[in-house]
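Undergrad: Predicted model, plus sequence, below.
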Amino acid sequence: MKNTIALTFIVLSIIGQAQATELSDQPQSLTAYDQNWQQCNHHMVRKGIIFKVADIDWFSTECRKDKNILTTTPVLLRFTYLRDIDREFFIDSATEYFLRNLEQPQSPQAKKIIKDFNQSYQDVTDSDVYDLVIDQEGTLKLFKNNNLIQSTKDPLIRNNYFKIWFGKEPVLPKLKDSFTSS
């Protein structure tokens, strides 16, 4: 019994140390897409307790002023992947949760617009990065490893895309809680 308690304490200590270093290893600021960004928040997505799937960071130009990721402009949402993920996962889940979080009834046109946008997703491998940026002009841009792969000014997509993660039915509830509770 003592050995089990000691082993549990050691494992929890190691996990706690790993989580602490994850946060300190994240950039507090960066320059990307002709903009200086400040890190407003960070969240590690895990499958279970051990397997890290992705680091997600929210960047803005003024974190103290920008408290709501859904209304912040410009904004950068960075996904750094730590596992291989098939493009179909991104296409299917982004489409499903986009449509779930629309406030208006889903029209065939809305489904076509979002499916067309999401077709640009590609497979990812360990260390690939997807960046979603809404720039000063209100354009939503999707980058993979700093290469622009999709952009739109369509207000339906631009005004609702981040609701995939931060809407009433988010794909990752813990991410929403992490980014909206601070």
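TA: In hand now; what should we look at?
Undergrad: Tell me which helix or strand the nearest residue to V133 once chain neighbours are set aside sits in.
TA: The shortest distance from V133 to any non-neighbouring residue, by Cβ to Cβ, 6 or more residues apart in numbering, is to K141 (4.6 Å). Just so you know, the C-beta spots here come from the backbone N, C-alpha and C atoms, and that holds for glycine as well. If you go by DSSP states H and E, K141 is part of strand 140-144.
Undergrad: beta partners for the residue nearest to V133?
TA: Beta-bridge pairing for K141 (DSSP bridges): V133, S151.
Undergrad: Other residues contacting the longest strand seen in the chain?
TA: Criterion DSSP state E: the longest strand present in the chain is strand 35-47. For strand 35-47, the surrounding residues in contact (Cβ atoms under 8 Å, 6 or more residues apart in numbering) are 19, 22-23, 26-31, 52-63, 66, 69, 74, 76, 135, 172, 174-175, 178-179, 182.
Undergrad: Over to stretch 96-111?
TA: The contact list for stretch 96-111, computed with Cβ under 8 Å, 6+ apart, reads 95, 114, 118, 156-157, 160-161, 163-165, 167-171.
Undergrad: chain center to that stretch: distance?
TA: Centroid displacement of stretch 96-111 relative to its chain, using Cα atoms, centre = their mean, to the nearest Å, is 20 Å.
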